[in-house]
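Participant: pasted the sequence and its predicted model underneath.
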Amino acid sequence: MFSLTVRRHFMIAHSLPREAFGPAQGLHGATFVAEVAFRRRALNDNAIVLDIGAAGTVIEEVLDGLNYKNLDEHPDFEGKLSTTEALAQYIAQAVAEKISDDDDGRHLDGIDVTLRENPDAWATFSLDLNA
Ligand SMILES: Nc1nc2c(c(=O)[nH]1)N=C([C@H](O)[C@H](O)COP(=O)(O)OP(=O)(O)OP(=O)(O)O)CN2
């Protein structure tokens with residue numbers, strides 16, 4: 001299995017209104033680093049998983065919908081907790097949807113999104129595109 005990973009960052013504000021989150025129940029900001037890995041069993045005719053520029057464009061399009069937003073007011077997170085884990089899943093699914101029309105995108109076997117909320121803590125969601 002091959003994988004190509006492209007990284008971008010984005011900034012959000014949110015709150016996690018459950019006692020389990022302690023001080024993070026209040027509104028706070030975060031700058032996330034998103035590493036999106038595109039997985040493919042066999043390379044294409046150009047011996048790549050996917051063009052790096054094309055991958056970056058898709059990721060940026062998805063992150064544009066989150067960047068500088070207060071997720072407490074974002075319609076896609078209404079009634080949901082915007083944890084690092086949940087955001088990783090959201091990004092993976094949104095990237096998969098955007099790339100599904102692309103020729104290389106149709107041949108992907110999976111997408112893994114690793115979301116780093118700081119250098120010591122991160123979460124990963126793995127989307128199996130063959131399931
Ligand atoms: N599994 C997760 N745990 C936490 C998340 C998360 O997204 N997934 N998010 C937060 C907060 O949003 C914030 O990023 C950190 O909050 P904070 O309370 O300051 O940090 P810690 O939990 O690391 O440390 P404490 O010792 O509880 O202060 C929190 N958890």
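Facilitator: It's in.

Participant: from the centroid of this structure, which residue is nearest?
Facilitator: Against the mean C-alpha coordinate of the chain, by Cα atoms, centre = their mean, the closest residue is I91 at 3.0 Å.

Participant: so it, which state does it fall into?
Facilitator: Classification of I91 using DSSP: H, G, I helix; E, B strand; the rest coil returns helix.

Participant: isn't it right up against L115?
Facilitator: Yes. Look at I91 against L115 with Cβ atoms under 8 Å: they come within range, at 7.1 Å. To be clear about C-beta, it is placed using only N, CA and C from the backbone, and glycine gets the same treatment.

Participant: joint contacts of those two?
Facilitator: A34 (Cβ atoms under 8 Å, 6 or more residues apart in numbering).

Participant: can you tell me the SS state at the residue sitting furthest away from the middle of the chain?
Facilitator: Largest separation from the mean C-alpha position in the chain: D45, at 27.0 Å (Cα atoms, centre = their mean). Following three-state DSSP, we place D45 in the coil state.

Participant: show the contacting residues for it.
Facilitator: Counting by Cβ under 8 Å, 6+ apart, D45 makes contact with nothing.

Participant: before we move on, what about Y90?
Facilitator: So Y90 contacts 76-77 (Cβ under 8 Å, 6+ apart).

Participant: how about a cut-off of 7 Å?
Facilitator: D76 (Cβ atoms under 7 Å, 6 or more residues apart in numbering).

Participant: and K80, by the same measure?
Facilitator: A86.

Participant: swap in the one 4 residues further on?
Facilitator: For T84, the set of contacting residues under the criterion of Cβ under 7 Å, 6+ apart consists of 115, 117, 123.

Participant: which residues does the closest residue in space to it that isn't next to it in sequence contact?
Facilitator: In space, and not counting its chain neighbours, T84 is closest to A123: 4.3 Å by Cβ to Cβ, 6 or more residues apart in numbering. Residues in contact with A123, defined by Cβ under 7 Å, 6+ apart, are 84-85, 88, 115.

Participant: which of the residues you listed are buried?
Facilitator: Buried subset of those (neighbour count, 16 or more other Cβ atoms under 10 Å): 84, 88, 115.
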